[in-house]
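Enquirer: Any chance you can model this:
(one chain, ligands or ions: 1)
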Amino acid sequence: MRRTVIAGNWKMNMTPKATRAFITELAPMVAGLDKCDIVLCVPYVDIATAVEAAAGTNIHIGAENVHFEKSGAFTGEISAEMLTEIGTEYVVIGHSERRTYFGETDATVNLRTKAALAAGLKVILCLGEVKEERLSGITNEIVAMQTKLDLAGISAEELKNVIIAYEPVWAIGTGLTATPEQADETCGVIRSVIAELYGAAAAEEITIQYGGSMNDANAAELLSKPNVDGGLIGGASLKTDKFTTIVKAAN
Ligand code: PGA
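Expert: This next block holds a predicted model:
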């Protein structure tokens with residue numbers, strides 16, 4: 001059975017001090033809610049504090065990006081080994097904000113995913129269509145193409161450490177959520193592409209999250225859909241009570 005994963009994506013929010021306070025408050029609220037994996041993906045400078053504050057709890061810590069080279073002249077970048085050495089377990093790759101504002105492409109997403117997997121990180125691979133693509137009726141083709149390009153050259157064994165986050169770009173940070181039916185249908189399309197690439201068993205096993213304005217009010221309905229195996233949550237992951245409600249819905 002595939003795992004449900006509820007992951008927060010803090011984006012460029014929270015200082016190390018705020019991180020410690022947040023996790024100290026959250027830990028008892030989500031203690032024992034073990035029917036899903038709980039992850040907080042936080043800014044690089046918050047990771048060490050987050051790992052320390054989350055030690056001995058059921059909260060796992062992730063980064064929001066990683067570079068694809070092991071080391072070298074890449075000013076401002078962070079390698080996978082730097083992340084694993086400080087206790088990072090997960091990393092978000094290919095978020096639409098990276099693709100839109102920082103020139104991320106399917107080719108670089110693929111390279112970053114390979115580097116992260118080689119270092120032993122679990123990858124939360126983000127993909128999804130923009131509004132014009134949904135309105136043009138090409139959502140299925142877009143997510144199929146992204147799935148194939150982003151996972152090119154990744155083995156079935158490596159895929160076990162990949163979570164896919166289906167995030168319709170028009171729903172991120174906008175308050176517009178895909179309907180549960182839209183989320184289920186498109187996560188199902190991604191699952192069928194995984195079946196085509198890796199076989200039916202791999203498709204059954206892979207965790208596919210929905211992301212895009214998931215919150216404490218709509219999570220239960222979205223998570224009740226058979227193809228939605230969790231959530232990648234931005235805004236609502238910055239409040240311990242809202243995030244806990246989502247974790248409870250997943251449980
Ligand atoms: P949101 O962000 O929940 O604030 O829409 C989701 C995401 O960007 O992963």
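Enquirer: alpha carbons only for contacts and neighbour counts from here, please
Expert: OK.
Enquirer: Could you check how far the helix or strand hosting Ala21 is from the centre of its chain?
Expert: Taking DSSP states H and E as the definition, Ala21 sits inside helix 16-30. Relative to the mean C-alpha coordinate of its chain, helix 16-30 is positioned 20 Å out (Cα atoms, centre = their mean, to the nearest Å).
Enquirer: what about the strands in the stretch 1-150 of the chain?
Expert: Ranges of strands in the stretch 1-150 of the chain, per DSSP state E, counting those that start in this stretch, are 4-9, 36-41, 59-63, 90-93, 122-127.
Enquirer: Pairing partners for the shortest one, with directions?
Expert: This means strand 90-93. Paired with strand 90-93 in the same sheet, following DSSP bridges, are strand 59-63 (parallel), strand 122-127 (parallel).
Enquirer: for the second one, same thing?
Expert: For strand 36-41, the paired strands and their directions (DSSP bridges) read strand 4-9 (parallel), strand 59-63 (parallel).
Enquirer: Contacts for the helix ranked longest in the chain, please.
Expert: Using DSSP state H to define each element, the chain has its longest helix at helix 180-198. For helix 180-198, contacts defined as Cα atoms under 8 Å, 6 or more residues apart in numbering pick out 139-140, 143-144, 147-148, 156, 166, 200-204, 206, 208-210, 221-222, 225-228.
Enquirer: Pick the most buried one from the strands paired with strand 90-93.
Expert: Mean neighbour counts were compared across the strands paired with strand 90-93 using mean count of other Cα atoms under 10 Å; the top stretch is strand 122-127, at a mean of 27.
Enquirer: any residues touching it, and which ones?
Expert: In contact with strand 122-127 (Cα under 8 Å, 6+ apart) are residues 89-96, 113, 116-117, 143, 146-147, 161-168.
Enquirer: and if you look at stretch 6-24?
Expert: 36-43, 45-46, 49-50, 53-54, 64, 230-235, 237-238, 240, 243, 246-247, 250.
Enquirer: These also near the ligand: which ones?
Expert: 232-235 (Cα under 6 Å from any ligand atom).
Enquirer: how about those, which pair is most distant?
Expert: Greatest spatial distance among these (Cα to Cα): Leu232 and Gly235, at 10.1 Å.
Enquirer: Please identify the residues of the stretch 101-250 of the chain in proximity to the ligand?
Expert: 171-173, 211-214, 232-235.
Enquirer: sorry, back to before: okay if I get the strands of the stretch 1-150 of the chain as JSON lines plus mean pLDDT and distance to Lys17?
Expert: Putting the strands of the stretch 1-150 of the chain into JSON lines (pLDDT from 0 to 100; distance: least, Cα to Cα, whole Å) gives the following:
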{"stretch": "strand 4-9", "mean pLDDT": "98", "distance to Lys17": "17"}
{"stretch": "strand 36-41", "mean pLDDT": "98", "distance to Lys17": "15"}
{"stretch": "strand 59-63", "mean pLDDT": "99", "distance to Lys17": "16"}
{"stretch": "strand 90-93", "mean pLDDT": "98", "distance to Lys17": "21"}
{"stretch": "strand 122-127", "mean pLDDT": "98", "distance to Lys17": "26"}
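Enquirer: The ones you listed: which one's closest to Leu83?
Expert: Of all these, strand 59-63 sits nearest to Leu83, with 7.6 Å by Cα to Cα.
Enquirer: how far is that closest one from where the chain is centred?
Expert: The answer for strand 59-63 is 11 Å, by Cα atoms, centre = their mean.
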